[in-house]
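Colleague: coords please:
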Amino acid sequence: MLLEGKVALITGAASGIGRATAKLFAREGAKVAVADIHSHGCQETAESIRAAHGEAIAITADVGSMNQVQAMVETAFKQFGKLDIVLSNAAAHVMGSATEINEHDWDRTLDVCLKATWMLAHCTLPRIVAQGGGVFIITGSVHALRGYAGYAAYQAAKGGLLALTRSLAADYAPTVRVNTILPGAVVTGLWDKVSEEERGRIAEMCPLRRNGQPEDIAQPALFLASDMSSYMTGTYLIVDGGLTSIIQVPTQK
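Modeller: Numbering: from 1, shown residues only. From the prediction side, this is the model:
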């Protein structure tokens, strides 16, 4: 019960990392507000928590919209009276190089993957400070550290999240701790169009020889949300099975 008595707000919670983290936080004693643009999946996450005797509400929201982020935060505070933990986890992106991606897709990717985290901070941190403190966690990506072809907007957003992490940590210390998780290749709904062959190829790039599962990221999120990480702020955890720790050299044929 590492989070007993705590209240958490998790975005992108209809599936994948967000759902796994919401369920884990609830098992550890937290009341959870689960938010996502996909209403059905969001409701399923909340219902699965309640079925396991936890407490959760579902909030349908597009985190790329300030009005909807504000309404989402108001709903969470109205239901639970406080927020101790915020996990900015929602993601959406369109692939393409700088010359391939259009302005609309660039803007949407940056809105959901970067601006949404600022909007969440803007709406939640004053209240969290006023109540005495809390934790703000961001789901980033190893794309913030390494270049991958065809991900111009997504990488710009994820790189920006690392800078924002440091800025938020500096501005709201010591009352609020702010940290980011950098997942590697984790199988979520964003992988729906990735073939089994390609999944296997990606797994072989990783020293642990497997792709991550959402639960592999939920556990580090629990660490950052709990007092186990009480001396950490303004930094990040790489959770990638070793993907960014090695240089892959093509095999000579």
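Colleague: Residue nearest the middle of this protein, spatially speaking?
Modeller: residue 89 (2.3 Å; C-alpha atoms, centre = their mean).
Colleague: Let's see the pLDDT reported for that one.
Modeller: Residue 89 is assigned a predicted lDDT (pLDDT) of 97.
Colleague: Who are the contact partners of it?
Modeller: 10, 11, 12, 13, 17, 18, 21, 138, 139 (C-beta atoms under 8 Å, 6 or more residues apart in numbering). C-betas here are computed from N, CA, C, even on glycine.
Colleague: Residue 4 against residue 27, yeah?
Modeller: No - with contacts counted by C-beta atoms under 8 Å, residue 4 stays clear of residue 27, the gap being 10.9 Å.
Colleague: State the number of residues packed around residue 58.
Modeller: If you count neighbours by other C-beta atoms under 10 Å, residue 58 ends up with 25.
Colleague: With the one 3 residues further on instead?
Modeller: By the measure other C-beta under 10 Å, the count of residues near residue 61 is 23.
Colleague: ok, it touching residue 37?
Modeller: Yes - between residue 61 and residue 37 there is a contact under C-beta under 8 Å: 6.7 Å.
Colleague: Taking the contacts of residue 89 together, which two end up most distant?
Modeller: Using C-beta to C-beta, the two most remote members of these are 13 and 138, lying 14.6 Å apart.
Colleague: how close does residue 71 get to residue 77?
Modeller: Residue 71 sits 11 Å away from residue 77, taking C-beta to C-beta, to the nearest Å as the criterion.
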